[in-house]
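Trainee: Below is the sequence, then the predicted model.
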Amino acid sequence: MRVLLQAHLDTAKSNDVIQSGKMPQVVKGLMDKIHPESAYFTTDHGVRTMYLVFDLEDPSQMPSIAEPLFVELGADLDYTPVMNADDLQKGLAQMK
């Protein structure tokens, strides 16, 4: 299932990770694990935020994805099922 992972990073914890030089490894580890189709990095409500769209093959993957973000970056996370335009068209066609 295609999902949007929103990760809002704790400022103090992410500052520590950035200052230690480990942020590139943390982000690369996450990218290597989930292979997102898109990844965006910004601020939302004044905090560092990641938006990652990827295929969640099984709900059992959620802890292995989430725990490093919780532990290393103090992140608040939301997983949201999402569709692309092709998925939407397919879904709308099934409504007939």
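Mentor: Good, I have the coordinates.

Trainee: which residues of this protein fall in strands?
Mentor: 2-8, 38-44, 47-55, 76-81 (DSSP state E).

Trainee: May I see the buried residues of the longest one?
Mentor: It stands for strand 47-55. For strand 47-55, the buried set under the neighbour-count rule, 16 or more other C-beta atoms under 10 Å, comprises Arg48, Thr49, Met50, Leu52, Val53, Phe54. C-beta coordinates here come from the backbone N, C-alpha and C atoms, glycine included.

Trainee: unless I'm mixing things up, Leu52 is touching Leu5, no?
Mentor: Yes: the criterion here is C-beta atoms under 8 Å, and Leu52 meets it with Leu5 at 4.5 Å.

Trainee: any common contacting residues for those two?
Mentor: Ile34 (C-beta atoms under 8 Å, 6 or more residues apart in numbering).

Trainee: Tell me, how many residues neighbour His8?
Mentor: 21 (other C-beta atoms under 10 Å).

Trainee: no no, Met1
Mentor: The burial count for Met1: 12, using other C-beta under 10 Å.

Trainee: out of the buried residues of strand 47-55, which one sits closest to Ala75?
Mentor: Nearest to Ala75 among the buried residues of strand 47-55 is Met50, at 8.1 Å by C-beta to C-beta.

Trainee: OK, contacts around Thr80?
Mentor: Taking C-beta under 8 Å, 6+ apart, one finds Val3, Leu4, Gln6 in contact with Thr80.

Trainee: Whichever of the residues you listed end up buried, select them in ChimeraX.
Mentor: Here is the ChimeraX selection string for the buried members of those, based on 16+ other C-beta under 10 Å:
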select :3,6
